[in-house]
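*Asks:* the following comprises the amino acid sequence and a computationally predicted model.
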Amino acid sequence: MNGDRLEKRKNLELELIQKAQSNEAFRNQLVNDPRAAIEAHLGETIPASFNVKTIEETPDTFFLVLPAQRGSRELTEAELDKVSGGSGCGCVD
């Protein structure tokens, strides 16, 4: 994942976390139906070929999410533009 895509992904993750912390209904939707929650937030459809999962940390558990390894398929520029909504999801499979 190149630097620009990684930055877009980090920005989107921060937006989603902040919204989830201030909006309980959004947080519940993000846990129960993350694809729908993120699509509604972006106002765009995420390609069906990409899995979307939410993992909620607990007070005694920390999750580190590593980006896909080089060689994994990334969104094309056209796909990225379609789901970016100005934020960019940086989704990879």
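*Replies:* Cool, got the structure. Numbers count the residues shown, from 1 in each chain.
*Asks:* please count neighbours and contacts with C-alpha atoms only from this point.
*Replies:* Fine.
*Asks:* tell me the pLDDT at Lys10?
*Replies:* In this model, Lys10 is scored at 89, pLDDT.
*Asks:* that one and Asp60, how far apart?
*Replies:* From Lys10 over to Asp60 the distance is 23 Å, taken as CA to CA, to the nearest Å.
*Asks:* those two - which one has more neighbours?
*Replies:* Lys10 (16 against 5; other CA atoms under 10 Å).
*Asks:* count of residues packed around Arg27?
*Replies:* That count, for Arg27 with other CA under 10 Å as the rule, works out to 21.
*Asks:* that one sits in which helix or strand?
*Replies:* helix 24-32 (DSSP states H and E).
*Asks:* could you do Glu39 as well?
*Replies:* Glu39 belongs to helix 34-42, assigned by DSSP H and E.
*Asks:* who are the packing partners of that helix?
*Replies:* helix 24-32 (3 or more CA pairs under 8 Å, 6 or more residues apart in numbering; DSSP states H and E).
*Asks:* can you classify the residue with the largest distance to the centre of the chain by secondary structure?
*Replies:* Largest separation from the mean C-alpha position in the chain: Asp60, at 23.4 Å (CA atoms, centre = their mean). For Asp60, the assignment made with DSSP: H, G, I helix; E, B strand; the rest coil gives coil.
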